[in-house]
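A.B. asks: The following comprises the amino acid sequence and a computationally predicted model.
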Amino acid sequence: MAGQTAADFVPDSRDLDTLSEAAESCRGCDLYLNANQTVFGAGAQNADMMLVGEQPGDQEDKAGAPFVGPAGKLLDKALVAAGMDRDRLYVTNAVKHFKFTLPERGKRRIHKTPSRTEVVACRPWLLAEMMSVQPDVVVLLGATAAQSLMGSTFRLTAHRGEILHLPVTGEMTNLDFDPEVVVSAHPSSVLRGPPKDREKAFEALVSDLRFAAGRLTHKT
């Protein structure tokens, strides 16, 4: 497995169904060994906006769909508050398999942040999705998603509220379009935060989504 990445499994296609089917048998890193299934992106093929999270969680791994657990429900609430229709978006994750640990007692799977190696190994799937959908705006939710495309030294908190562009390096040189990039916190961080801070964190997420939606209006 050393040196292998998802690039060895990504077909030469821009059809989302073809990509999704191929991703089911990806062995680009070892996360597939314990996860139930690959969780590929979902949404409109011609979406103007793509949302990228970190990785599927426990419920996503069971359902085979992105953002259907608690963080997904909070994201849905934030999208409504921002005046956005999820059905018109494409939603995916930087990593397509659930990474978790098991406690010494009990069976509840506990989320574990993917390593940089795993994020880089899985990035060809994300880039293939981006090439297929060709969104005008990409919203990166959380540090893992942001660093997957913007680089390992990128600091999300320093760039919220800014219009960014993808660095033209490495695999990114193969992209034939230049989406605007907006970064925000991952919905799960809102849920994990202190109760007294959650309303403020939620409003900040809504504000970032509204800002991203405004870029679509600006570009038309």
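C.D. replies: Cool, got the structure. Because the structure is a prediction, the values reported are computed rather than measured.
A.B. asks: tell me the helices in the chain, going along the chain?
C.D. replies: For the chain, the helices defined by DSSP state H occupy 16-23, 58-63, 70-81, 116-133, 143-150, 187-192, 195-219.
A.B. asks: what helices or strands is the first one leaning on?
C.D. replies: This means helix 16-23. Identification of packing neighbours for helix 16-23 by 3 or more CB pairs under 8 Å, 6 or more residues apart in numbering; DSSP states H and E yields helix 116-133. The C-beta positions use only the backbone N, C-alpha and C, and glycine is treated the same way.
A.B. asks: now the helix it packs on: mean pLDDT?
C.D. replies: Helix 116-133 comes out with an average pLDDT of 96.
A.B. asks: helices or strands up against that helix?
C.D. replies: The helices and strands touching helix 116-133, judged by 3+ CB pairs under 8 Å, 6+ apart, are helix 16-23, strand 49-53, strand 90-93, helix 143-150.
A.B. asks: Report the distance from it to the chain centre.
C.D. replies: 10 Å (CA atoms, centre = their mean, to the nearest Å).
A.B. asks: now stretch 39-53
C.D. replies: With CA atoms, centre = their mean, you get 9 Å for stretch 39-53.
A.B. asks: Next, the distance between the ends of it.
C.D. replies: 12 Å (CA to CA, to the nearest Å).
A.B. asks: quick one: least confident helix or strand in this protein?
C.D. replies: Every helix and strand of the chain was ranked by mean pLDDT, DSSP states H and E. The lowest is strand 110-111, at a mean of 88.
A.B. asks: what are the pairing partners of that strand, and which direction each?
C.D. replies: Partners of strand 110-111 in the sheet, by DSSP bridges, are strand 100-101 (antiparallel).
A.B. asks: gap between the strand it pairs with and the chain center?
C.D. replies: 19 Å.
A.B. asks: How about residues contacting that strand?
C.D. replies: 34, 58, 109-112 (CB atoms under 8 Å, 6 or more residues apart in numbering).
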